[in-house]
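Novice: Quick check, what structure comes out for this input:
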Amino acid sequence: MEATVEAAFARRPGSLVVIAHRISSALRADRVLVLDGDTPTVGTHGQLLTRSATYRALVGCWEEPVPPSPATRPG
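Specialist: Numbering: from 1, shown residues only. Below you'll find the predicted structure:
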């Protein structure tokens, strides 16, 4: 649903600003702006992973932990 709404807005002229609460939203963006302190940083997802410690930390918080496989679960 979220991607459908973003796609509908993206077809319109102008810019679309999305405040992301999920990594999937940031991954769909052409450019991502990270506001942290006095220095904003802008780039693609890949660029920000290399240039912004704040962005890397946010991505780490967004990622869900991988559940252990049945063979490695205790009990």
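
Novice: Ala57: helix or strand, and which one exactly?
Specialist: In the assignment (DSSP states H and E), Ala57 maps to helix 53-62.

Novice: tell me what that helix is packed against?
Specialist: helix 23-28, strand 32-34, helix 45-51 (3 or more C-beta pairs under 8 Å, 6 or more residues apart in numbering; DSSP states H and E). Every C-beta, even on glycine, is put in place using the N, C-alpha and C of the backbone.

Novice: now those as TSV including distance to Ala8 and mean pLDDT?
Specialist: Output for those, formatted as TSV (distance: least, C-beta to C-beta, whole Å; pLDDT from 0 to 100):
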stretch	distance to Ala8	mean pLDDT
helix 23-28	13	80
strand 32-34	20	91
helix 45-51	22	92
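
Novice: Now render those as a markdown table, adding distance to Gly60.
Specialist: Shown next, in a markdown table, are the helices and strands packed on helix 53-62 (distance: least, C-beta to C-beta, whole Å):
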| stretch | distance to Gly60 |
| --- | --- |
| helix 23-28 | 10 |
| strand 32-34 | 14 |
| helix 45-51 | 10 |
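
Novice: ok so, going back, and the contacts of the helix holding Ala57?
Specialist: Arg22, Ile23, Ala26, Val32, Val34, Asp36, Thr41, Leu48, Leu49 (C-beta atoms under 8 Å, 6 or more residues apart in numbering).

Novice: ok now that helix, how far from the chain's centre?
Specialist: 9 Å (C-alpha atoms, centre = their mean, to the nearest Å).

Novice: What residues of it count as buried?
Specialist: Tyr55, Leu58, Val59 (16 or more other C-beta atoms under 10 Å).
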